[in-house]
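1. just a sequence and a predicted model for now, questions to come.
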Amino acid sequence: MTDLTLTTERLINASPEKVFDAWLDPNMLQKFILPGPGMTVPSATSDAKTGGRFAILMKAGDDEIPHAGTYREITPYERLVFTWESPYSVDGSEVVLTFVPKDAGTLLTLTHTRFVDQESRDNHSGGWGNILAALDENLAA
């Protein structure tokens, strides 16, 4: 277990309100939490309050990969902090999202801390990049 961190940014073509709300809406989560090609999210739930929990079931072929977490901070349209629990994460793994208005959209910065090892961090880097691209596509549609 390490304190490795990854940070990725993307300019999303939607308002901070829309981008922020997408992360708390189970129907939207199913559309964009897609870290790899051919993956689906058959179910997602969200109790969008500090201390509330979310659950996301990712599916890759016949493999089901459960993800969950607890919302630690919800500052509307500015910042969202949650734990990240999956078969590939370690205790204390956390994701921080910041939402900054930029041009006609939102600069979304995602920082994920604590990984099993460098390979896990690198794998998550690609996955989060795909997720942010899918978020942008869904909000632009």
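-> Ah, there it is. In this text the structure is predicted, and so the values were computed from the model without any measurement. Numbers count the residues shown, from 1 in each chain.

2. show me where this protein has its strands.
-> 2-12, 40-46, 53-60, 63-75, 79-83, 94-102, 105-115 (DSSP state E).

3. which among these is found nearest to residue 30?
-> Each of these was scored for nearness to residue 30 using CB to CB, and the closest is strand 40-46 (4.3 Å). (Each C-beta comes from the backbone N, C-alpha and C, glycine too.)

4. burial measure for residue 61, as a count.
-> Around residue 61 there are 8 other residues, counting by other CB atoms under 10 Å.

5. how near is the residue nearest to it when sequence neighbours are not counted to residue 25?
-> Closest residue in space to residue 61, ignoring its immediate chain neighbours: residue 38 at 7.4 Å, by CB to CB, 6 or more residues apart in numbering. Residue 38 sits 23 Å away from residue 25, going by CB to CB, to the nearest Å.

6. quick one: average confidence on stretch 68-87?
-> For stretch 68-87, the mean per-residue pLDDT is 97.

7. mind putting the strands of the chain in JSON lines, mean neighbour count and distance to residue 21 included?
-> Supplementary listing: these in JSON lines, determined by neighbours: other CB atoms under 10 Å; distance: least, CB to CB, whole Å:
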{"stretch": "strand 2-12", "mean neighbour count": "15", "distance to residue 21": "12"}
{"stretch": "strand 40-46", "mean neighbour count": "15", "distance to residue 21": "11"}
{"stretch": "strand 53-60", "mean neighbour count": "18", "distance to residue 21": "14"}
{"stretch": "strand 63-75", "mean neighbour count": "15", "distance to residue 21": "11"}
{"stretch": "strand 79-83", "mean neighbour count": "19", "distance to residue 21": "10"}
{"stretch": "strand 94-102", "mean neighbour count": "17", "distance to residue 21": "10"}
{"stretch": "strand 105-115", "mean neighbour count": "20", "distance to residue 21": "11"}
